[in-house]
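Asks: here is a sequence with its predicted model. Questions after.
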Amino acid sequence: MKLFHIVVYGCSRRGIDAARIKEYFLRNELTETESPAEADYIVLVTCGLTEFETLRVQESVKELKQHKGELLVYGCLPAMDPKALDGIFNGKILFTKDIENIDKLFSLPVKMADIPDANFALTHFDDLLTFNRDGEEVFPEELKSAGIPGFIREIKWKTKWRFNRLKFKIKSLFEKKYIENIPDGIGFDNSNFSIRIATGCAGNCAFCVIRKAIGKLNSKPLDVIKEEAKRAVSEERFRINLVSSDTGAYGIEIGSSFPEMIRSILAVDPRLKIAFIQDVNPLWICRYIDEISELVKTKRIESILSPIQSGSPRVLKLMRRYHDVEEMIRSFGQLKKAWPRLKLRTQVIVGFPTETDEEFEQTLDMINRCRFDEIDIFEYYEVKGSEAENIFPKVPPEVIKKRMERIKSEVQIPYRAVGSSRFRKFFRWYTKYD
């Protein structure tokens, strides 16, 4: 009996990849183990978004490669920063966009192409409970091994899970639910049914190299998306996350569109609601504003993440982002008018190369005018191989730090602030709720 172990770093999209990889191994009759020391195969799902994430992955590789199992490093980091693993690891590597090439690395009968996309994100081994195709909650097959040892193991883990579940339910009666570090926040909630509507990205942002890892936009066919929505209904799970790196671009290469995709999902069942729409570039908000507003009026879209990144048209042009600031402000306002209870979350980058004090003020002004409900504040981090590496002059670190402190003190909405390890020993989310 072969054992496998999966370690996950990074975003919800990589967590969905990890869940699919887990299903791939289970379908091939491997058994999951909570201990990497026991595993015959170890998969490390990586992220390269920040310097901290890179360091964390590097330390994890050093630790995991000491075990007997064969290590596969999967995900974004190897493509975003090919030198990150130099001198650390020379084993099997698989880029995010090439997930189906896992068949070339493991000679297993069931192929990755035969494994449907996952509808939840795997975060760690303690995600013991899942749903079967009939909507019933079931324990993983690896807990059902034969004999007395297998029976004892199953009882042990079921008892542990039920105790933790009861503890969580009691705790939840007295606490608000935290979503991405904010109570009742806007973001990816893994208890919802998730539909990944596309892979890849249609953009080419100057500060980002993730497209090297995830590839060009590849929209999932509408009929497949509708089948996943029907699966959610069959499991009586009526709140859906729409997951993608460039959600608003959906369908541009297959003759469809972002609004058509949303209408198709909502048409499956009147009880369905879209709890969270991830990463909609403001370009698509503005392009489809009238259609999106009509969908928002149905009160079946609860929240949207749309990263503005800056309030300066000049800086946005340098970033290769949509730069009609007044049109963005008008469009976000129209969405709020369509349904005032719609929650909008955005993201900004502080200290992009050449950003002046006046342009930083424009960002503050835009945040206030757009009536966002939450904001992610990113301290500019120089990504290796990005176009922004060659944009000068750079904003001095001490200026970035001052701007970060100022924006945190002046925004009057809940925020998440991400700092670079250049200034702090440890990466940290700074969160203000009120």
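Replies: Sure thing, it's come through.

Asks: the bottom helix or strand of this protein by mean pLDDT?
Replies: In the chain, no helix or strand scores lower on mean pLDDT, DSSP states H and E than strand 130-131, which sits at a mean of 40.

Asks: low-scoring stretches of the chain, by residue?
Replies: By pLDDT under 70, the low-scoring segments of the chain are 124-146, 150, 153-154, 157-158, 160-161, 164-165, 167-169, 171-175, 420-434.

Asks: any idea which strand is longest in it?
Replies: In the chain, assigned by DSSP state E, the strand with the most residues is strand 343-350.

Asks: run through who's touching that strand.
Replies: Residues outside strand 343-350 that contact it (CB atoms under 8 Å, 6 or more residues apart in numbering): 186-187, 207, 302-311, 319, 332, 335-336, 360, 363, 367, 370-380, 400, 403-404, 407. Quick note: C-beta positions are derived from backbone N, CA and C, even for glycine.

Asks: just the buried residues out of those residues, in ChimeraX syntax.
Replies: Provided next is the ChimeraX selection string for whichever of these are buried by 16 or more other CB atoms under 10 Å:
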select :186,187,207,302,303,304,305,306,307,308,309,310,311,319,332,335,336,360,363,367,370,372,373,374,375,376,377,378,379,380,400,403,404,407
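
Asks: okay, and which of the contacts of strand 343-350 map to helices?
Replies: Counting by DSSP state H, the members of the contacts of strand 343-350 that fall within helices are 319, 332, 335, 336, 360, 363, 367, 370, 400, 403, 404, 407.

Asks: a markdown table for these, including distance to residue 159?
Replies: Below are the ones in helices among the contacts of strand 343-350 laid out as a markdown table (distance: CB to CB, whole Å):
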| residue | distance to residue 159 |
| --- | --- |
| 319 | 52 |
| 332 | 49 |
| 335 | 47 |
| 336 | 48 |
| 360 | 55 |
| 363 | 52 |
| 367 | 49 |
| 370 | 49 |
| 400 | 50 |
| 403 | 51 |
| 404 | 46 |
| 407 | 48 |
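
Asks: out of the residues you listed, which is nearest to residue 260?
Replies: The shortest distance between residue 260 and any of the ones in helices among the contacts of strand 343-350, using CB to CB, involves residue 335 and amounts to 18.1 Å.

Asks: contact partners for the closest one?
Replies: If you count contacts by CB under 8 Å, 6+ apart, residue 335 has them with 285, 289, 292, 293, 296, 304, 342, 344.

Asks: ok, it to residue 296 distance?
Replies: Plainly put, residue 335 is 6 Å away from residue 296 if you go by CB to CB, to the nearest Å.

Asks: go on, residue 278?
Replies: Relative to residue 296, residue 278 is positioned 16 Å away (criterion: CB to CB).

Asks: neighbour count for the two, which is higher?
Replies: residue 278 (24 against 21; other CB atoms under 10 Å).

Asks: touching, the more buried one and residue 306? I think so.
Replies: No. Counting by CB atoms under 8 Å, residue 278 sits too far from residue 306 to count as a contact (9.9 Å).

Asks: secondary structure element for the residue of the chain positioned farthest from its centre?
Replies: Taking CA atoms, centre = their mean, the residue of the chain most remote from its mean C-alpha position is residue 148, at 40.6 Å. Using DSSP states H and E, the element containing residue 148 is helix 147-174.

Asks: and residue 226, by the same measure?
Replies: In this structure, residue 226 is located in helix 222-234 according to DSSP H and E.

Asks: which helix or strand lies directly C-terminal to that helix?
Replies: Past helix 222-234, heading to the C-terminal end, the next element that is a helix or strand (DSSP H and E) is strand 239-243.

Asks: what's in contact with that next one?
Replies: Residues from elsewhere that reach strand 239-243 (CB under 8 Å, 6+ apart): 12-13, 16, 188-189, 192-197, 229, 232, 262, 265, 272-278, 302.

Asks: which residue ranges of the stretch 201-350 of the chain form strands?
Replies: Assigned by DSSP state E, counting those that start in this stretch, the stretch 201-350 of the chain shows strands spanning 218-219, 239-243, 273-277, 303-305, 343-350.

Asks: who are the packing partners of the first one?
Replies: When contacts are defined as 3 or more CB pairs under 8 Å, 6 or more residues apart in numbering; DSSP states H and E, strand 218-219 packs onto strand 198-199.

Asks: ok, residues contacting the strand it packs on?
Replies: 97, 214-215, 217-220, 244-247, 249-250.

Asks: from the chain's centroid, how far away is it?
Replies: Using CA atoms, centre = their mean, to the nearest Å, we find the averaged C-alpha position of strand 198-199 to lie 12 Å away from the chain's own average C-alpha position.

Asks: and it, which strands flank it?
Replies: Strand 198-199 sits in its sheet next to strand 218-219 (antiparallel), going by DSSP bridges.

Asks: tell me how far the partner strand is from the chain's mean position?
Replies: Averaging C-alpha positions (CA atoms, centre = their mean) puts strand 218-219 17 Å from its chain's average.

Asks: wait, residue 1 sits on residue 32?
Replies: No. The pair residue 1 and residue 32 fails to qualify as a contact (CB under 8 Å) at a distance of 11.3 Å.

Asks: between the two, which one's more packed in?
Replies: With neighbours defined as other CB under 10 Å, residue 1 and residue 32 compare such that residue 32 has more, 18 against 8.

Asks: how about the closest residue to residue 206 other than its chain neighbours, phi and psi?
Replies: Residue nearest to residue 206 in three dimensions, not counting chain neighbours: residue 387, with 4.0 Å by CB to CB, 6 or more residues apart in numbering. For residue 387, the backbone dihedrals (degrees, to the nearest 10) come out as phi -60, psi -30.

Asks: what number of residues lie near residue 387?
Replies: Applying other CB under 10 Å, we find 16 residues neighbouring residue 387.

Asks: check residue 86 too.
Replies: Using other CB under 10 Å, residue 86 is surrounded by 9 other residues.

Asks: and it, how close does it get to residue 289?
Replies: 46 Å.

Asks: then residue 295?
Replies: Look at residue 295 and residue 289: by CB to CB, they are 11 Å apart.

Asks: cool, and residue 199?
Replies: According to CB to CB, residue 199 and residue 289 sit 26 Å apart.

Asks: out of those two, which sits in the more crowded spot?
Replies: Neighbour totals were compared for residue 199 and residue 289, and residue 199 leads with 23 against 19 (other CB under 10 Å).

Asks: specify the beta-bridge partners of the more buried one.
Replies: residue 218.

Asks: quick one: contacts for the residue nearest to residue 83 when sequence neighbours are not counted?
Replies: Distances taken as CB to CB, 6+ apart put residue 384 closest to residue 83, at 7.7 Å, once the chain neighbours are dropped. Applying CB under 8 Å, 6+ apart, we find residue 384 in contact with 80, 81, 83, 209.
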